[in-house]
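Chemist: can't give you the sequence, but here's the structure:
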């Protein structure tokens, strides 16, 4: 349950991309439910959303 609740701390743009089906290749629910940083910039890097 705690892993699913952690998803509420995802960056809003990541959530929007997931809802729209625009997630990067290889991103899965399994990866999203593992430990990830609270910092939104770091989340973008870890999950493949970084544009820099």
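Modeler: Perfect, I can see it now. Since the structure is predicted, the reported quantities are computational estimates derived from the model, not experimental observations. Numbers count the residues shown, from 1 in each chain.

Chemist: in the helix or strand of the chain with the lowest mean pLDDT, what counts as buried?
Modeler: Across the helices and strands of the chain, mean confidence by mean pLDDT, DSSP states H and E is lowest for helix 2-6: a mean of 82. By neighbour count with 16 or more other Cβ atoms under 10 Å, helix 2-6 contains no buried residues. (Each C-beta comes from the backbone N, C-alpha and C, glycine too.)

Chemist: Where does pLDDT dip in this protein?
Modeler: 52 (pLDDT under 70).

Chemist: need the contact list for residue 4.
Modeler: residue 33 (Cβ atoms under 8 Å, 6 or more residues apart in numbering).

Chemist: what's the neighbour count on residue 27?
Modeler: Using other Cβ atoms under 10 Å, residue 27 is surrounded by 16 other residues.

Chemist: Name all residues that make contact with it.
Modeler: Contacts of residue 27 (Cβ under 8 Å, 6+ apart): 47-48.

Chemist: Let me know the secondary structure of it.
Modeler: Put simply, residue 27 is coil when judged by DSSP: H, G, I helix; E, B strand; the rest coil.

Chemist: picking that back up, tell me the helix or strand right after the least confident helix or strand of the chain.
Modeler: Going down the chain from helix 2-6, the next helix or strand is helix 12-19, by DSSP states H and E.

Chemist: That following helix packs against which elements?
Modeler: helix 40-47 (3 or more Cβ pairs under 8 Å, 6 or more residues apart in numbering; DSSP states H and E).
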